[in-house]
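*Asks:* just a sequence and a predicted model for now, questions to come.
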Amino acid sequence: MSGLPYYRSHGEPNQISFKHSHHGVCSWVLNILWIIVGGWHMFLTWFTVGLILCLTCIGIPCGWQTMKISFFLLLPFGTTLEYADHEDDGVTCCCRCSNFILNVIWALTVGWILALQAVLTGALLCLTIVGIPFGWQCFKLTVLCFRPFGIKFNVLD
């Protein structure tokens with residue numbers, strides 16, 4: 001089952017991961033297939049939303065985070081997303097509160113539209129046997145549509 005996207009639920013509940021083989025070839029093949037079957041339009045949508053948000057001074061932090069996620073959506077295999085935990089209690093409280101407020105505003109304005117795109121893309125991909133793993137991944141990406149703030153990107157070893 002190497003190469004299929006999955007959630008890591010044991011020990012790391014706030015992590016979205018894309019499993020890949022240690023050879024590196026598998027993740028490149030999956031990334032190319034992902035771009036062909038639907039990753040390109042999700043990348044374009046998120047990147048365009050990020051550029052539009054960066055046109056305003058207030059929207060720059062949201063636009064920057066959206067563009068980072070768009071690059072993740074272009075080449076997702078071989079990287080992980082995890083919700084950052086801060087070690088200092090004062091920083092944790094401040095960051096969690098600001099991330100919560102930004103996530104609520106995001107979900108009510110733009111997030112639901114991007115979630116609808118991910119669900120519809122996932123449903124279309126699940127119509128074919130080959131597209132089922134990629135469709136399932138689209139369904140998992142709806143989490144990003146509602147909680148894009150507070151994420152840390154890591155490249156898997």
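*Replies:* Received, thanks.
*Asks:* any idea how far the longest helix anywhere in the chain is from the middle of the chain?
*Replies:* The longest helix of the chain (DSSP state H) is helix 89-106. Computed by CA atoms, centre = their mean, to the nearest Å, the chain-centroid distance of helix 89-106 equals 19 Å.
*Asks:* again, but for stretch 34-46
*Replies:* 12 Å.
*Asks:* check which residues of it are buried.
*Replies:* 34-35, 37-39, 42-43, 45-46 (16 or more other CB atoms under 10 Å). Heads up, the C-betas are built off the backbone N, CA and C, glycines and all.
*Asks:* kindly report the same for stretch 69-77.
*Replies:* Of all the residues in stretch 69-77, those buried under the rule 16+ other CB under 10 Å are 69-70, 72-77.
*Asks:* kindly report the same for stretch 95-106.
*Replies:* Result for stretch 95-106 [16+ other CB under 10 Å]: buried residues 95, 99, 102-103, 106.
*Asks:* just to revisit the earlier point, so which elements touch the longest helix of the chain?
*Replies:* helix 60-74 (3 or more CB pairs under 8 Å, 6 or more residues apart in numbering; DSSP states H and E).
*Asks:* helix or strand right after the helix it packs on?
*Replies:* Moving toward the C-terminus from helix 60-74, the next helix or strand (DSSP states H and E) is strand 79-83.
*Asks:* strand partners of that next one, parallel vs antiparallel please.
*Replies:* strand 15-18 (antiparallel), strand 151-155 (antiparallel) (DSSP bridges).
*Asks:* alright, that wraps it up for me.
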